[in-house]
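Undergrad: return atomic coordinates for the entry below.
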Amino acid sequence: MKNTAKLILLIFSLSLPALSVADNLGDMADLDKQLKEVNKKLARGQFNGDELALWTKKAIKMKSAALLCVSNNESALLDLKQVMDGLGEKVKGEDIDVTKKRKVYQEKKEDIDKLLAK
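TA: Next comes the predicted model:
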């Protein structure tokens, strides 16, 4: 039973970094709270076999969602980079609309970078 608890703890600890990049940060805060509670119960030995199975399924589901989120954001980042490369570097006397678009794209890129960093 102790080996099972260690396995579950390992699954959760491997899942945590990937979980931090979900699309909905509010949901992630809720999931983080749930994981902390599970971690406390595991540390205290306050669990049964049914809970371990449920927690394992939840960890797998959350990790899958997090990986999908990362993949989607990385894809969006690549698409945005291509658009920005198409605009080229800022040149003196360029159209103001191009400058505005470049700024908007840069802000979107920074937002995605922040999300992926979390």
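
Undergrad: can you pull the contacts of the residue of the chain positioned farthest from its centre?
TA: Ranked by distance from the centre of the chain (CA atoms, centre = their mean), the top residue is G93, with 40.1 Å. Neighbour list for G93: empty [criterion: CB atoms under 8 Å, 6 or more residues apart in numbering]. (Each C-beta comes from the backbone N, C-alpha and C, glycine too.)

Undergrad: do you know the pLDDT at it?
TA: The score at G93 is 84. That number is its pLDDT.

Undergrad: can you check K108 too?
TA: Per-residue pLDDT puts K108 at 91.

Undergrad: equivalent analysis for F47, please.
TA: For F47, the predicted pLDDT is 82.

Undergrad: how much space separates Q82 from N39?
TA: 41 Å (CB to CB, to the nearest Å).

Undergrad: longest single helix anywhere in this protein?
TA: Ranked by residue count, the top helix of the chain under DSSP state H comes out as helix 49-87.

Undergrad: go through that one and flag the buried ones.
TA: Under the neighbour-count criterion of 16 or more other CB atoms under 10 Å, helix 49-87 has 52, 55, 58-59, 62-63, 65-66, 69-70, 73, 77, 80 buried.

Undergrad: tell me what the following helix or strand past it is packed against?
TA: Downstream of helix 49-87, the next assigned helix or strand under DSSP states H and E is helix 96-117. Counting by 3 or more CB pairs under 8 Å, 6 or more residues apart in numbering; DSSP states H and E, the packing neighbours recorded for helix 96-117 are helix 49-87.

Undergrad: all set now, cheers.
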